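*Asks:* Okay, predicted coordinates and the sequence, questions at the end:
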Amino acid sequence: MYLYNLTLQRPTAITHAVHGAFSGTRQQEIVISRGNVLELLKPDVNTGKVHVAISVEIFGVVRSLMAFRLTGGNKDFVVVGSDSGRIVILEYNPQKNVFEKVHQETFGKSGCRRIVPGQYLAIDPKGRAVMIGAVEKQKLVYILNRDAQARLTISSPLEAHKSNTLVYHMVGVDIGFENPLFACLEIDYEEADNDPSGEAAMATKPSLTYYELDLGLNHVVRKYTEPLEEHANFLITVPGGNDGPSGVLICSENYITYKNVGDQPDIRCPIPRRRNDLDDPERGMILVCSASHRTKSMFFFLVQTEQGDIFKVTLETEEDMVTEIKMKYFDTVPVAISMCVLKTGFLFVASEFGNHFLYQIAHLGDDDDEPEFSSAMPLEEGETFFFAPRALKNLVLVDEIESLSPILSCHISDLANEDTPQLYTLCGRGPRSSLRVLRHGLEVSEMAVSELPGNPNAVWTVKRRADDEFDAYIIVSFVNATLVLSIGETVEEVTDSGFLGTTPTLSCSSLGDDALVQVYPDGIRHIRADKRVNEWKAPGKRTIIKCAVNQRQVVVALAGGELVYFEMDPTGQLNEYTERKEMSADVICMALATVPSGEQRSRFLAVGLSDSTVRIISLDPSDCLSPLSMQALPALPESLCIVEMGGAESEEGVGVAMGSLYLSIGLQNGVLLRTVLDNVSGDLSDTRTRYLGSRPVKLFSVKMQGAESVSN
């Protein structure tokens, strides 16, 4: 029996990254694979932050990933090669925020096998065909087109197999609108396989092979094969047609070479090395990653060495013939598995080890004093150019995506005495290694940022009606004013909400089905659905210093420690309880639980006092405002929160089983206490402690998946 499984934390390493306009707009997006997860990232042009638009578990292994666009289209598709034995074409639907499967064609067995295609993908730059290849022997070509309804179509596979051949890399060659052409780095091992001495294996050289898709005859032919002098590891497509000279750049050990069919001579340029490098000078230097960028007037490539140095590569042409390769040191970033140059001026670096980065390209490196190396410069065979690495100059770091990959060692222990063990991990490699401490919890994603006119001291969100799906207002309290923002297509300030804007706000929440309540130092403001406002003013010159509010109850603490209790009657009116309660010390914080389903009120009020105690006060009409229990604290309380947890639906699915009440106490010395609050007697028991940090602990009640929880 084989079962699907999901991990609690998704992989953080990135294995592939491609960019394009997948939403069909001008916005540039990035599709990444994290082994068995596909994600769509949206870099914000204004803030530079990277947001995850969608993350999909595919229950397989992504072996290759490419983006393509049909000729004349305005939207990019994603081609996925996986261990499923199928080629899959996905389209991103921004309305539903899903990847929709456009085509899924089966061609072989499942699993990562060396003769089953899926390891390599190559796209014709004009979007007319895709080649999917295996490590050995098999290659398939699919023709891409449109039907009468302008929907993407895919043909039956055309074979381009060659026995006894290993493939290192493949790309689509840009030759305009002639027959699609694919270039492959191959090595034929037939002679080496039949030679027991091993001499043939040493003499075997890789070759560059071109495969042409004849659209008229509907078949694939091996057009041209040329042996290579050096062992190459990958190819880069050079723009062709009206945009450039066409051809490919071959990245091999110590050299980058330009090749093209026809009369074009080979142009070879040494890969520059670091001056006074600590690595073995006899060790060859290879390029591991590349990114290309082109506009209507120019194009260039960014290539990265295995030391992380990025070079800008340009080609000099005369009458469509390349005469010179120019390389210029650009910057040094972590070694990447993939790089993407976006049209919005960003460079996304999916690091091989450690965190991933988004950089702003501040300069193209044309006007600096960095030396430019050329294939036309005379050099003896085996010699190379030298450069001096430096800090970032052309790139500006704007965002960083956390990654634990690779975890080299892990130790699980409760060294911080937090009741829950922490994971101590050694991550990364070399100078970018790190020790990271992992704790159980949920992270928060930042969605938008707005500037405020001052330093706020509190913020709330409220709904107009209790059954509304979304909040209607954001209320921001300042030292001497309150700002009310309306939430719609945009967030903008409003003045007709009924809230008092000339005073700071202590609390703001929904009351009943369709009313709002604002508690401020001089009183309480009850705002009805028809905009009628009822106000209660604090007596004399006394002010409200603390308050606690739920759906039907309001409790305020006046200066000096006096508690005033209000409860909403069936008509929606907020009524004051006749008696008031004098506390023995100043009130520092208060908390009310939410009103249980089917009941009129919450029975308990928790009050934190300046004598380092927490007291439970009854709100039951039979003994209202009488003390029930008390707990001494090791430090002054900062905040309180009463939450019901552990409830579950009954078997009939009608009612909800009662959970336990928990009183969470945040102390000013950074300690969090959690105490069980008895539902009947109000007694406090089973206190548990956790140290959260050096700052005072502020607690808030939040809804998570429909259930109450505590946030700090």
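*Replies:* Arrived safely, thanks for sending. These numbers come from a predicted model, not from an experiment.
*Asks:* Every contact and neighbour count from this point should use C-alpha atoms.
*Replies:* Fine.
*Asks:* Around the residue nearest to Thr106 when sequence neighbours are not counted, count how many other residues there are.
*Replies:* If the residues on either side of it in the chain are set aside, Thr106 comes closest to Arg86, at 4.2 Å by CA to CA, 6 or more residues apart in numbering. Using other CA atoms under 10 Å, Arg86 has 21 other residues around it.
*Asks:* same thing with the one 4 residues further on?
*Replies:* Taking other CA under 10 Å as the criterion, the count of residues near Leu90 is 19.
*Asks:* Check which helix or strand the residue nearest to Thr12 when sequence neighbours are not counted maps to.
*Replies:* Taking CA to CA, 6+ apart, and ignoring the residues beside it in sequence, Thr12 has Ser403 as its nearest neighbour in space, at 4.8 Å. Using DSSP states H and E, Ser403 maps to neither a helix nor a strand.
*Asks:* Provide a list of residues in contact with Ser403.
*Replies:* For Ser403, the contacting residues are Thr12, Ala13, Gly354, Asn355, His356, by CA atoms under 8 Å, 6 or more residues apart in numbering.
*Asks:* could those residues go into JSON lines alongside pLDDT, secondary structure and distance to Cys427?
*Replies:* Compiled in JSON lines, the contacts of Ser403 are given as follows (pLDDT from 0 to 100; DSSP: H, G, I helix; E, B strand; the rest coil; distance: CA to CA, whole Å):
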{"residue": "Thr12", "pLDDT": "93", "secondary structure": "coil", "distance to Cys427": "12"}
{"residue": "Ala13", "pLDDT": "94", "secondary structure": "coil", "distance to Cys427": "12"}
{"residue": "Gly354", "pLDDT": "91", "secondary structure": "coil", "distance to Cys427": "7"}
{"residue": "Asn355", "pLDDT": "94", "secondary structure": "coil", "distance to Cys427": "10"}
{"residue": "His356", "pLDDT": "96", "secondary structure": "strand", "distance to Cys427": "13"}
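*Asks:* Could I get the residues you listed in a markdown table, plus columns for neighbour count and distance to Cys508?
*Replies:* Formatted as a markdown table, these follow (neighbours: other CA atoms under 10 Å; distance: CA to CA, whole Å):
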| residue | neighbour count | distance to Cys508 |
| --- | --- | --- |
| Thr12 | 19 | 39 |
| Ala13 | 23 | 43 |
| Gly354 | 26 | 43 |
| Asn355 | 21 | 40 |
| His356 | 20 | 41 |
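*Asks:* Quick check: mean pLDDT of whichever strand or helix holds Arg688?
*Replies:* When elements are assigned from DSSP H and E, Arg688 belongs to strand 684-691. Strand 684-691 comes out with an average pLDDT of 91.
*Asks:* Val79: neighbour count?
*Replies:* Residues within reach of Val79, counting by other CA under 10 Å, total 23.
*Asks:* Pretty sure it sits against Glu91.
*Replies:* No. Applying CA atoms under 8 Å as the test, Val79 and Glu91 come out as separate, 9.2 Å apart.
*Asks:* Mind listing the residues bridging to His293?
*Replies:* Each beta-bridge partner of His293 is listed here, defined by DSSP bridges: Phe300.
*Asks:* what's near enough to touch it?
*Replies:* The contact partners of His293, by CA under 8 Å, 6+ apart, come to Phe299, Phe300, Phe301, Val341, Leu342, Lys343.
*Asks:* what's near enough to touch the third one?
*Replies:* Put plainly, it is Phe301. Under the criterion of CA under 8 Å, 6+ apart, the contact list for Phe301 reads Ser290, Ala291, Ser292, His293, Lys312, Val313, Thr314.
*Asks:* are any of those buried, and which?
*Replies:* For these, a burial check counting by 16 or more other CA atoms under 10 Å picks out Ser290, Ala291, Ser292, Lys312, Val313, Thr314.
*Asks:* What separation is there between the last one and Ala232?
*Replies:* With the distance defined as CA to CA, to the nearest Å, Thr314 ends up 20 Å from Ala232.
*Asks:* What of the third one?
*Replies:* According to CA to CA, Ser292 and Ala232 sit 19 Å apart.
*Asks:* cool, and the second one?
*Replies:* Here the distance between Ala291 and Ala232 works out to 18 Å (CA to CA).
*Asks:* same deal with the first one?
*Replies:* As defined by CA to CA, Ser290 lies at a distance of 14 Å from Ala232.
*Asks:* repeat for Arg542
*Replies:* 82 Å.
*Asks:* what residues are up against the closest residue to Ser711 other than its chain neighbours?
*Replies:* Ranked by CA to CA, 6+ apart and with sequence neighbours excluded, the top spatial neighbour of Ser711 is Phe700, at 5.1 Å. With contact taken as CA under 8 Å, 6+ apart, Phe700 is in contact with Cys641, Val710, Ser711, Asn712.
*Asks:* so how far is stretch 95-105 off the chain centroid?
*Replies:* In this view, stretch 95-105 has its centroid 20 Å away from the chain centroid, taken as CA atoms, centre = their mean, to the nearest Å.
*Asks:* May I see the buried residues of that stretch?
*Replies:* Residues of stretch 95-105 classed as buried by neighbour count (16+ other CA under 10 Å): Val98, Phe99, Val102.
*Asks:* do the same with stretch 193-203
*Replies:* Residues Ala200, Ala201 are the ones in stretch 193-203 that count as buried (16+ other CA under 10 Å).
*Asks:* ends of that stretch, how far apart?
*Replies:* The separation between the terminal residues of stretch 193-203, taken as CA to CA, is 12 Å.
*Asks:* Which phi and psi values does Asn194 adopt?
*Replies:* According to degrees, to the nearest 10, the main-chain angles of Asn194 amount to phi -100, psi 0.
*Asks:* any idea how far it is from Leu208?
*Replies:* Plainly put, Asn194 is 23 Å away from Leu208 if you go by CA to CA.
*Asks:* With Glu400 instead?
*Replies:* From Glu400 to Leu208 the distance is 38 Å (CA to CA).
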